[in-house]
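>>> heads up, no residue letters with this:
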């Protein structure tokens, strides 16, 4: 998206300045206006952020920036840097004199009419505490940048300025400073302010009501509208989404950024369909995975979902390979009863371990209703693979039963399928696979201090995924070339991350997920 007027970067810089400065609330005329009231009702992406946090939010932002970046006063630092940049570009700006007197508490961006590459309807709105001061700033800045191309215009009683070269327009609408990428976008905002707007749309109001308190920024996406604007979905993708319980036409989501003094949290509330589209969390299985895991994830009720997916695949068949209603019967004749497998499997977990490419390993771990069923499933799969003449298949012995498959394509380690007790593990490398089968005799995540910290951070939200920040950094260090400048610049900040914790719940028709990046202690 290219906007010719120079007012946009100036206001964008103001937003960053106010956000990181952590100034007090704006107050005054227009500062309480609802930003969503100038967003068209068919807005597909809407972003709203706090410019001037106060209270606990202000304290948390400043403390987090201090710990991550080592800056005592983030606001003064960023203001100085941006003012310095503006001077270098020949357009000096004095935040305290020109912007602070009128800037309100929040800012928004609204996007619609997506064509698959860009949004034709683009605009943003800023709350203002003094409309007169805001208008003075606008006239000074846009006249300096637009020159003779600036024209006065009016629409439905709203006066505004328009650049005749590109149509970009700006003016005060309902106590808000509103910018439109072109006149159509600006007029849509004016129409929304006096009629139907995003603030009245059921999809927006319902999902935002499920958002968290104390967020710094929120991103709303009307997934159904965005997909519709992008073009029709191919039948295979649509069938896959329906299998997952996702009704695209009704799907909406809200992502919220919630800072804390020692962590950064992203909350996602989504309404993806009439039924739950996600498996429930499986914290017990997750906590029983190996303590040395770099990353681990787990979900419950996997067997049911697997069975539903297989039923739909069996009904439709695989074009050119398996006719409809033949997949399950063909595999049953070969010794694998997919219905029985689905009924036997409960939760599933996945973990990765290692500190280098050579030591990298991991496994998919399935909990099964009985030890006998676990052994039978692995045995049936092994017989089928041997019957197909797959090379490199070797039986494994010891306390676990199963087989391994070695090939040049797999690299130095074999693919191992093994069962022990009420678990099945499908892993890369025998040691990792066997560790995935040990839920009691070996050290597990549930005993790890970092994992405990991640669980505690999520509170009542069941944990679904975990990444050990320190272990992950060591692994990435071994994989990324030492001359990679981008990674070298990011590494000091990545080193601040102690853990990533992912949790999720289903409540009130919404799927709610929380991703927390906790700082290392």
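Everything's here; your move. The model shown is predicted, which means the values in this text are computed figures rather than measured ones. Residues are numbered from 1 along each chain as shown.
>>> going forward, measure contacts and count neighbours with C-alpha atoms only.
Fine.
>>> flag the shaky bits of the protein, pLDDT-wise.
The model of the chain has pLDDT under 70 over residues 1-33, 74-75, 143-149, 235-246, 273-278, 440-441, 508.
>>> tell me the domain boundaries of it?
Taking automatic domain parsing as the reference, the chain has its domains at 7-202, 283-445, 453-513.
>>> let me have the ones you listed in JSON lines, adding mean neighbour count and distance to residue 252 as columns.
Shown next, in JSON lines, are the domains of the chain (neighbours: other CA atoms under 10 Å; distance: least, CA to CA, whole Å):
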{"stretch": "domain 7-202", "mean neighbour count": "19", "distance to residue 252": "9"}
{"stretch": "domain 283-445", "mean neighbour count": "19", "distance to residue 252": "23"}
{"stretch": "domain 453-513", "mean neighbour count": "18", "distance to residue 252": "10"}
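>>> need those in CSV (columns: distance to residue 219).
CSV is the format used below for those (distance: least, CA to CA, whole Å):
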stretch, distance to residue 219
domain 7-202, 4
domain 283-445, 26
domain 453-513, 14
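>>> nearest to residue 259, out of those?
Nearest to residue 259, of all these, is domain 7-202, at 6.1 Å by CA to CA.
>>> give the contact list for the nearest residue to residue 59 once chain neighbours are set aside.
Excluding its sequence neighbours, the residue lying closest to residue 59 (CA to CA, 6 or more residues apart in numbering) is residue 261, at 7.6 Å. If a contact means CA atoms under 8 Å, 6 or more residues apart in numbering, then residue 261 has 59, 60, 61, 62, 63, 64 as its contacts.
>>> nearest to residue 128 among the residues you listed?
residue 61 (22.1 Å).
>>> tell me what the helix or strand containing the closest one is packed against?
Element membership for residue 61, per DSSP states H and E: helix 55-69. Counting contacts by 3 or more CA pairs under 8 Å, 6 or more residues apart in numbering; DSSP states H and E, helix 55-69 is packed against helix 74-88, strand 252-260.
>>> and those as a markdown table, adding distance to residue 186?
Listed next are the helices and strands packed on helix 55-69 as a markdown table, based on distance: least, CA to CA, whole Å:
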| stretch | distance to residue 186 |
| --- | --- |
| helix 74-88 | 27 |
| strand 252-260 | 25 |
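>>> which among these is found nearest to residue 297?
The nearest among those, by CA to CA, is strand 252-260 at 21.0 Å.
>>> partner strands of the following helix or strand past that closest one, parallel or antiparallel?
Downstream of strand 252-260, the first helix or strand assigned by DSSP H and E is strand 263-271. Using DSSP bridges, the strands paired with strand 263-271 are strand 252-260 (antiparallel), strand 510-519 (antiparallel).
>>> what packs against the helix or strand just after strand 263-271?
Using DSSP H and E, the helix or strand that follows strand 263-271 in sequence is helix 283-287. With contacts defined as 3+ CA pairs under 8 Å, 6+ apart, the packing partners of helix 283-287 are strand 293-299, strand 345-353, strand 463-468.
>>> and the angle from the first one to strand 345-353?
With axes from the mean of the first three to the mean of the last three CA atoms, to 10 degrees defining the directions, strand 293-299 sits at 160 degrees from strand 345-353.
>>> what's the offset of strand 293-299 from the middle of its chain?
Relative to its chain's centre, strand 293-299 lies at 18 Å (CA atoms, centre = their mean, to the nearest Å).
>>> tell me the helix or strand right after it.
For strand 293-299, the following helix or strand on the C-terminal side (DSSP H and E) is helix 302-316.
>>> contacts for that next one, please.
Contacts for helix 302-316 (CA under 8 Å, 6+ apart): 243, 279, 323-328, 338-339, 341-348.
>>> now do stretch 220-229: distance to the chain's middle.
Counting by CA atoms, centre = their mean, stretch 220-229 comes out at 16 Å from the chain centroid.
>>> show residues contacting that stretch.
So stretch 220-229 is contacted by 42-47, 113-116, 203-204, 208, 233, 248-255 (CA under 8 Å, 6+ apart).
>>> and what of stretch 262-273?
In contact with stretch 262-273 (CA under 8 Å, 6+ apart) are residues 63-64, 67, 207, 210-212, 245-248, 250-259, 509-519.
>>> columns distance to residue 124 on top of the contacts of residue 261, output as a markdown table?
Converted to a markdown table, the contacts of residue 261 look like this (distance: CA to CA, whole Å):
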| residue | distance to residue 124 |
| --- | --- |
| 59 | 27 |
| 60 | 26 |
| 61 | 24 |
| 62 | 26 |
| 63 | 29 |
| 64 | 27 |
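>>> nearest to residue 87 among those?
residue 62 (26.3 Å).
>>> and that closest one, how far from residue 210?
If you measure residue 62 against residue 210 using CA to CA, to the nearest Å, the figure is 26 Å.
>>> show me what residue 345 is bridged to.
Applying DSSP bridges, one finds that residue 345 bridges with residue 368.
>>> and the end-to-end length of stretch 169-182?
6 Å.
>>> can you give me the strands for the stretch 351-500 of the chain?
For the stretch 351-500 of the chain, the strands defined by DSSP state E, counting those that start in this stretch cover 361-368, 393-396, 401-405, 415-420, 423-428, 463-468, 497-507.
>>> ok, the fourth one: who's next to it in the sheet?
Yep, that's strand 415-420 we're talking about. Here strand 415-420 has these sheet partners by DSSP bridges: strand 401-405 (antiparallel), strand 423-428 (antiparallel).
>>> ok, which of those strands comes nearest residue 88?
Closest to residue 88 of the strands paired with strand 415-420 is strand 423-428 (CA to CA; 54.8 Å).
>>> quick one: contacts of the closest one?
By CA under 8 Å, 6+ apart, the surrounding residues in contact with strand 423-428 are 361-368, 371, 374, 378, 413-419, 433-434, 436-437.
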